[in-house]
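**Student:** what would the 3D arrangement of this be:
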Amino acid sequence: MARPFSLQTVLELMQTRSDEATQRLARLIAAERDAKEKFAMLLQYRDEYTARFRQAVQNGLGQPEWRNYQEFLTRLDEAIKQQMQLVSVQETHTAAGQEDWKRQRTKLKALDALSERHRASEARLEIRQEQKAQDEFAARSKDNEQES
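**Tutor:** As a prediction, this is how the structure comes out:
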């Protein structure tokens, strides 16, 4: 009978932690991607709005319309700046999540290697015990044949 792996509970805990780190990393990557997409959308919208502003200037633009365009572009630039900061924060969080994921995977692999060595050792022990039992059986059979 093979002995159970003494660190099986720890191995299962590390598997759970690794799975959780993987899920956290996936969420962080998705959040970073979303932030970058929103940033790109804001930049594109600013380019389009700037083009409309230039067209309006060429067609003749009154003072109130000019001010409205300028105020909106200022607010849009502020939103872009904030989104750029959010992208930077998300990139930092994702990098930290990747490091955590790597640490968890390293720990899991180390414990998994110990578990595999334990299983292999137990398998060798079992084979030796079976061989010993077969040898004893063969020896008894030979002794019984000689006695007969």
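**Student:** tell me who's in contact with Leu7.
**Tutor:** By Cβ atoms under 8 Å, 6 or more residues apart in numbering, Leu7 lies in contact with Leu111, Leu114, Ser115. (C-beta placed from N, C-alpha, C; glycine too.)
**Student:** filter those down to the ones in helices?
**Tutor:** Leu111, Leu114, Ser115 (DSSP state H).
**Student:** where does the first one land on pLDDT?
**Tutor:** Spelled out, it's Leu111. For Leu111, the pLDDT comes out at 91.
**Student:** just the helices in the chain please.
**Tutor:** With helices called from DSSP H, the chain shows them at 8-58, 63-147.
**Student:** can you report how many residues lie near the nearest residue to Ala79 once chain neighbours are set aside?
**Tutor:** Spatial nearest neighbour of Ala79, chain neighbours left out: Leu42 (5.8 Å); criterion: Cβ to Cβ, 6 or more residues apart in numbering. The tally of other residues near Leu42 (other Cβ atoms under 10 Å) stands at 18.
**Student:** list only buried entries from the contacts of Leu7.
**Tutor:** Leu111, Ser115 (16 or more other Cβ atoms under 10 Å).
**Student:** so which elements touch the helix or strand bottoming out on mean pLDDT in the chain?
**Tutor:** Confidence across the helices and strands of the chain bottoms out at helix 63-147, with a mean of 92, counting by mean pLDDT, DSSP states H and E. Applying 3 or more Cβ pairs under 8 Å, 6 or more residues apart in numbering; DSSP states H and E, we find helix 63-147 packed against helix 8-58.
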